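Novice: give me the fold of what follows.
(one chain, ligands or ions: 3)
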Amino acid sequence: ENKTSSNFIKNIIIDDLKTGKHKEIITRFPPEPNGYLHIGHAKSICLNFGLADEFNGKTNLRFDDTNPLKEDTEYVESIKEDVRWLGFEWDGLFFASDYFEEMYNRAILLIKKGKAYVCDLSAEEIREYRGTLTEPGKESPYRNRSVEENLDLFERMKNGEFKDGEKVLRAKIDMSSPNLNMRDPVLYRIAHAKHHNTGDKWCIYPMYDFAHPIEDAIEGITHSICTLEFEDHRPLYDWVIKECEMECQPQQIEFARLDLTNTVMSKRKLKQLVDQKYVDGWDDPRMPTISGLRRRGFTPESIRNFAREIGVAKNNSTVDYQMLEHFIREDLKLKALRTMAILRPLKVVITNYPEDKVEMLNAENNPENPEMGTRQISFSREIYIEQEDFMENPPKKYFRLFPGNEVRLKHAYFIKCNEVIKDENGNVIEIHCTYDPETKSGTGFTGRKVKGTLHWVDAKNAVPAEFRLYEPLILDKDQEEEKSFLDCINPNSLEILQGFIEPNMKSAKPQEKFQFFRHGYFNVDPKYSTEEKLVFNRIVSLKSSFKM
Ligand code: ATP
Ligand code: MG
Ligand code: MG
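Specialist: Ligands and ions are numbered 1, 2, ... in the order given. Below is the predicted model:
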């Protein structure tokens, strides 16, 4: 079940094990702790941990914390929680910042070999000098400093003698390389900032392209899997490994990142949604973060199955969000208790039912999974049905309740609508019906047929509850017009309703999941539910047009 699907990365690994290039594979998941993980990261987690599991290898969780300005221990903790929740356990837990000393020494090695120099150009000048794809770069006037001068300046950078941006350390490679990444890339920058792990120890920090290969090599990573944007960085990755004389030579392999319809998936954008209060935190149930999906009600199994199904490819494409929904429906189908909840209540009085009587009816907990057994639900003279299940003047083919029509109440009786009660403004506030005792569910009544079956809750014992229904946070159709993603936010992504649940569910716990008849799958919200009132997040509605 937990096998990854066949893909080109898996084939490389099979080959490397067969030829003896590696005896054991070691992968890593290397998030930068500058935000919460999202569903795209889940794809990478399932791939890296999944491959190692399958081939008895190891996977490290490594925090790529080389940018003190954006990183925070809150993110470190959330990332650990999310990886574990997805069902994976890491072998080594590392911080890139633990390797700062070694990286510094490797940089000195490069300087000594004449492969790196301290440059005084500003960031903007460096960009200008770099040239473009059609135009070669220009060499920095500082490129030919002596080794001694470079060693001295780099040490003084480290000792804090210069201000942010005043100097950088650059690799000395080739300013006319067709690959822009090879035109003397920056290896170190100055940042006088407190680091979440190393505090004030350092004021120079390595750039990603220098740090990452060294991190991989130190840990003995065999296959360094990253997203396609890094394909053009691979020559630099290999250059760093070689020129820094690292013993281990990890292989960088790129795969297509996950993109989902109606979803923004960069931590920078997600952070903006949080900071500007478009959502109520990183775990808002509308967020594509792991913590948001968890709070919405997605299960680890559903996400792992989704990741397996989308597979691993070499070209970018966008996956339909409905595919993710497909997997949570599949996962909950046989697991979730099927109960009745009324989201928009309309009172029905059954005029021929005795005033004080309450009877208990037998209800199956999940007709597709008989092992889940049955429960007792109460029925009495007043019940609630959905407002949309009654129409005074229905169109053709409306089989629910309307004056003179008879319907079945799920697990109970047939009722017939006789009278409509309205307030002074003409709004329907109550329906009067009669029931037929002969039609009781489970008695095998076959006397006549009705076309509609309605769900309901007993008004006497019903428990008030809040329901939160969600629509996509981002509207794709608006996005096509080249607007900022903030202009594509759906103003109607959350609808809050006050209704009722069966009394059986009063003691439901946070994160417990249910299927409400005709409404879909719901999760007990862990943040807003109280002893007095449960709050339910709709995970997904029941039906979709999506076909696998
Ligand atoms: P973002 O742009 O969302 O901040 P990132 O790539 O900067 O993403 P990292 O924390 O550096 O985030 O990512 C950790 C790992 O997760 C990397 O190996 C990266 O390739 C992978 N990853 C990130 N986003 C996706 C995605 N959408 N699909 C697949 N893998 C992803
Ligand atoms: Mg990154
Ligand atoms: Mg990033």
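
Novice: all helices for the stretch 101-250 of the chain, in order.
Specialist: 123-130, 147-158, 208-218, 234-243 (DSSP state H, counting those that start in this stretch).

Novice: please apply the same query to the chain.
Specialist: In the chain, the helices defined using DSSP state H lie at 8-18, 39-54, 73-85, 100-112, 123-130, 147-158, 208-218, 234-243, 267-275, 290-296, 300-310, 321-332, 476-479.

Novice: give me the number of residues near the residue nearest to W282 when sequence neighbours are not counted?
Specialist: Ranked by Cβ to Cβ, 6 or more residues apart in numbering and with sequence neighbours excluded, the top spatial neighbour of W282 is Y36, at 4.1 Å. (Each C-beta comes from the backbone N, C-alpha and C, glycine too.) Y36: 25 surrounding residues under other Cβ atoms under 10 Å.

Novice: which residues of the stretch 51-200 of the chain lie near ligand 1?
Specialist: Residues of the stretch 51-200 of the chain lying close to ligand 1 by Cβ under 6 Å from any ligand atom are D64.

Novice: check the stretch 251-400 of the chain too.
Specialist: Close to ligand 1, as judged by Cβ under 6 Å from any ligand atom, the stretch 251-400 of the chain has residues 257-258, 265-267.

Novice: please pick the buried ones from those residues.
Specialist: 257-258, 265, 267 (16 or more other Cβ atoms under 10 Å).

Novice: which pair in those spans the largest distance?
Specialist: Comparing all pairs in those by Cβ to Cβ, the longest separation belongs to L258 and K267, at 13.8 Å.

Novice: on that earlier part again, what's the farthest-apart pair in the residues of the stretch 251-400 of the chain next to ligand 1?
Specialist: Between any two of these (Cβ to Cβ), the greatest distance is 13.8 Å, for L258 and K267.

Novice: looking at the stretch 401-548 of the chain, which residue is nearest ligand 1?
Specialist: F485 (13.0 Å; Cβ to the nearest ligand atom).

Novice: give me the pLDDT value at the closest residue to that residue other than its chain neighbours.
Specialist: Excluding the flanking residues, the one nearest F485 by Cβ to Cβ, 6+ apart is V264, at 5.2 Å. Note on V264: pLDDT of 94.

Novice: just checking, V264 touches L270?
Specialist: Yes: if you go by Cβ atoms under 8 Å, V264 and L270 touch, sitting 6.8 Å apart.

Novice: give the residues shared as contacts by these two.
Specialist: P288 (Cβ atoms under 8 Å, 6 or more residues apart in numbering).

Novice: count the neighbours of whatever residue of the stretch 51-200 of the chain ends up closest to ligand 1 for me.
Specialist: Nearest to ligand 1, among the residues of the stretch 51-200 of the chain, is D64, at 5.9 Å (Cβ to the nearest ligand atom). A count of nearby residues for D64, using other Cβ under 10 Å, gives 21.

Novice: correct me, but it touches E32?
Specialist: Yes: the pair D64 and E32 passes the contact test of Cβ under 8 Å, sitting 4.6 Å apart.

Novice: what sits against T453?
Specialist: By Cβ under 8 Å, 6+ apart, the contact set of T453 is 407-410.

Novice: let's have the residues you listed in a markdown table, adding neighbour count.
Specialist: Formatted as a markdown table, the contacts of T453 follow (neighbours: other Cβ atoms under 10 Å):
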| residue | neighbour count |
| --- | --- |
| V407 | 22 |
| R408 | 18 |
| L409 | 25 |
| K410 | 17 |
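
Novice: nearest to L334 among those?
Specialist: Looking across these and measuring by Cβ to Cβ, the closest to L334 is K410, at 19.6 Å.

Novice: for E219, see how far away that closest one is.
Specialist: 57 Å (Cβ to Cβ, to the nearest Å).

Novice: out of the helices of the stretch 101-250 of the chain, which is closest to D72?
Specialist: Of all the helices of the stretch 101-250 of the chain, helix 208-218 comes closest under Cβ to Cβ, at 18.1 Å.

Novice: returning to that earlier point: of the contacts of T453, just say which sits nearest to L228.
Specialist: K410 (50.5 Å).

Novice: mind listing what the spatially closest residue to the closest one that is not a sequence neighbour touches?
Specialist: Spatial nearest neighbour of K410, excluding adjacent residues (Cβ to Cβ, 6+ apart): H455 at 5.1 Å. Residues near H455 by Cβ under 8 Å, 6+ apart: 340-342, 385-386, 409-410, 516-518.

Novice: quick check: domain ranges of this protein?
Specialist: 8-98+211-327, 100-104+111-209, 337-540 (automatic domain parsing).

Novice: tell me the most buried of those?
Specialist: domain 8-98+211-327 (a mean of 19; mean count of other Cβ atoms under 10 Å).

Novice: that one: end-to-end distance?
Specialist: The first and last residues of domain 8-98+211-327 sit 24 Å apart, counting by Cα to Cα, to the nearest Å.

Novice: cool, and stretch 141-151?
Specialist: End-to-end distance (Cα to Cα), stretch 141-151: 17 Å.

Novice: do the same with stretch 409-417
Specialist: Note: stretch 409-417 ends 12 Å apart using Cα to Cα.

Novice: just stretch 57-76 next, same as before
Specialist: For stretch 57-76, the end-to-end distance is 24 Å (Cα to Cα).

Novice: kindly report the same for stretch 373-385.
Specialist: 25 Å.

Novice: any idea how far V118 is from G160?
Specialist: 15 Å.

Novice: do S291 as well
Specialist: From S291 to V118 the distance is 42 Å (Cβ to Cβ).

Novice: any weak-confidence spans in the stretch 351-500 of the chain?
Specialist: By pLDDT under 70, the low-scoring segments of the stretch 351-500 of the chain are 477-482.

Novice: repeat the analysis, applying 90 as the threshold.
Specialist: Within the stretch 351-500 of the chain, the stretches with pLDDT under 90 are 476-484.

Novice: that one: strands as residue ranges?
Specialist: With DSSP state E, counting those that start in this stretch as the definition, the stretch 351-500 of the chain shows strands at residue ranges 359-364, 374-379, 382-386, 406-409, 414-422, 428-436, 453-454, 457-458, 463-470, 494-501.

Novice: from the stretch 1-150 of the chain, which residue is nearest to ligand 1?
Specialist: G40 (2.2 Å).

Novice: show me the contacts for that residue.
Specialist: 257-259, 265, 288.

Novice: hey, what's the closest residue to ligand 1 within the stretch 101-250 of the chain bridged with?
Specialist: In the stretch 101-250 of the chain, no residue comes nearer to ligand 1 than T227, which is 3.9 Å away by Cβ to the nearest ligand atom. With DSSP bridges as the criterion, T227 is bridged to F255.

Novice: separation between it and A256?
Specialist: 7 Å.

Novice: what sits in contact with each of those two?
Specialist: Joint contacts of T227 and A256 (Cβ under 8 Å, 6+ apart) do not exist.

Novice: ok so, going back, is it possible to get TSV of the buried ones among the residues of the stretch 251-400 of the chain next to ligand 1 that adds distance to L332?
Specialist: As requested, these are exported to TSV (distance: Cβ to Cβ, whole Å):
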residue	distance to L332
R257	28
L258	22
M265	24
K267	29
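
Novice: bridging residues for the closest residue to A341 other than its chain neighbours?
Specialist: For A341, ignoring the flanking residues on the chain, the nearest one in space by Cβ to Cβ, 6+ apart is F516 at 4.2 Å. Using DSSP bridges, the bridge partners assigned to F516 are T339, G520.

Novice: so F516 touches F522, yeah?
Specialist: Yes: judged on Cβ under 8 Å, F516 makes contact with F522 at a distance of 5.8 Å.

Novice: pull up the overlap in contacts between the two.
Specialist: 341, 536.

Novice: who's in contact with the closest residue to P31 other than its chain neighbours?
Specialist: Once flanking residues are discounted, P31 sits nearest to I79: 5.4 Å by Cβ to Cβ, 6+ apart. By Cβ under 8 Å, 6+ apart, the residues touching I79 are 31, 33, 36-37, 61, 63.
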